[in-house]
Each structure stands twice: as C-alpha cells, then as structure tokens.
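> Sequence and predicted structure below; questions after.
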Amino acid sequence: MTRLVFALGLALIAVPPVLAPAFAAGTAQFSSPTPEGVKTMEMAWLDPSTMRITPGTPGTYMLVRDGTLYAATTAGGMGVHVVDLSSLGEMAGSMGADSGGADGQTGPQITIETAEEVTGLEATGRQEVVAGIEGELYEIGWIDSGGEHHTDQMVLTDNPLAVEMGQAFAAMAAATNGEVEPRQAAIVERGLGILRYGQAFVVESLTDESRPASEFELPAEPTNIGDMMGAFGSAP
C-alpha cells in the first residue's frame, strides 16, 4: 500500500476554491516501479470526493468517499472486508515520532524523501507527449528535510482532464493526512496537471469514462484501522 500511496503522492494536487467548477468523471491508468517490477494501477473517479484506486493486487482496491479513505479486500476466501484508514496518517505520525521516522509523514514518506521547500519550477521549453497528451518538460528544484538539494524532471500539462485527475488525487491526499507537499503546491499554483514525474509516476492512459456508480459504494461495513490495530496489540 505504501508504494501505491507514494506513486499517487507524486501527483497529488491541492485544489484551491477557485478551481471548483463542473467536474467530469474519468479513469486514469498509471505505472510506478515496485520491488516486483513496474506495475500499472488504475484510478477512477466520479467527482472530487468519490474515487476508486485499484493497485494491481488481485482482490484489493481502495475507495475515497466524502473525505475518508478505505481499503477493501476480497482475498483469502474470507468474504469482503473493508477498513477505514482515516486515522492512518495520525498513527504513522505517532510511530514516526516514537522511532525517529521521517518527520511523522505517512507510509511512503518514511522511506522516500519529501520536500521541505521548493526552490524553483522552470519550464524547459521541450514538449513531450505522455498517454497521447501533449505536455511540457519542467525541472523542479527542492530541498529535503535533511537540507539536501535535489532537481527532478516532470511533465506538466494544462489538459483539463489531467487537471481533474489531479483534483481527484488531491481528495486522496486530504483523506490520508490532509497535508500538501510543497512540490504538489507548486504544481497547482501553475494551474497544471501532472503526466510524469521522473519514472516514479507515469500516466499510461486517461479517459473521461468512469466505472459504474455501484463500484464506488462500500461493499461492507468498515472496520476502523485504529480499533483493529488495538485489537491485535491486546491479543495474547
């Protein structure tokens, strides 16, 4: 799950109130490297607060509904199980503080540096087509929590559907920990959407067609992850 959230995190964009007009449904396929090789994942959305993320693991998917993140699984022959992950960020922050983790950030930020500050975001003037959408190659400079300077490349676009995809990603960011990473904020300030961040996140396809509305419903009553972890901790 942390690899999934990292891949998404590179594209999460906070949406200012002025960018809250009509919103179309859509589906994006994107790839991200994992220890098992490059995997393709899918995110479908109905509106800015309703989406479904399929990480490529059989029988497992994630849902965001009204600001809450859920994980659903049908694996293991135990029927459908849904976990409310709304306290995931708080729990990870607590674990990070106890263990000297990376600034209390959730999942992927424990092992992958996040930006403390963006020092520049400049267009190179070079065009690149990703998933059939024309974008422009940008270089972003940033400083991590240890004070080290980095420069990465990413492809940004003003394509409306790509911008809407970023808005849908933003809802997942808010549902996870409510924070906006500085690189993400820098992108939204330009009013752009992301098509590629290095090779860590690459959009493979983007369409304005989505899944049936029934596939965005919770398939079972959710269990809170905090309660579940507490039960495991108290088990003999």
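Done, it's in. What you are looking at is a predicted structure, and each value in this text was computed from that prediction instead of being measured.
> Tell me where the protein has helices.
Assigned helices in the chain, in chain order: 2-9, 88-99, 160-176, 182-189, 225-234 (criterion: DSSP state H).
> How far off centre is the third one?
Once both centres are worked out by CA atoms, centre = their mean, to the nearest Å, helix 160-176 turns out to sit 8 Å from its chain's centre.
> where does the protein have low pLDDT?
For the chain, applying pLDDT under 70 flags the ranges 1-23, 75-77, 87-112, 173-174, 177-180, 226-236.
> again, only using 80
Per-residue confidence for the chain (pLDDT under 80) gives these ranges: 1-24, 48, 56-57, 75-78, 86-114, 166-167, 169-181, 184-185, 188, 225-236.
> remind me, longest strand of it?
In the chain, ranked by residue count with DSSP state E as the criterion, the top strand is strand 115-130.
> what does that one rub up against?
Outside of strand 115-130, the residues that reach it under the criterion CB atoms under 8 Å, 6 or more residues apart in numbering are 134-145, 149-150, 153, 155, 157, 181-183, 185-187, 190, 195-196, 202-203. To be clear about C-beta, it is placed using only N, CA and C from the backbone, and glycine gets the same treatment.
> try 6 Å this time
By CB atoms under 6 Å, 6 or more residues apart in numbering, the residues outside strand 115-130 that reach it are 135-143, 145, 155, 181-183, 186, 195-196, 203.
> Are any of those residues buried, and if so which?
Buried by 16 or more other CB atoms under 10 Å: 135-136, 138, 140-143, 155, 181-183, 186, 195-196, 203, out of these.
> Of those, which belong to strands?
Reading strands off those with DSSP E, I get 135-136, 138, 140-143, 155, 195-196, 203.
> Which two among those residues are spaced furthest apart?
Considering CB to CB, no two members of these lie farther apart than Ile143 and Val203, which are separated by 26.8 Å.
> Stretch 155-174: how far from the chain's middle?
Relative to the chain's own centre, stretch 155-174 is displaced by 10 Å; criterion: CA atoms, centre = their mean.
> Check stretch 144-163 too.
Taking the mean of its C-alpha atoms, stretch 144-163 sits 14 Å from the chain's own mean (CA atoms, centre = their mean).
> And that stretch, end to end?
The first residue of stretch 144-163 is 26 Å away from its last residue (CA to CA, to the nearest Å).
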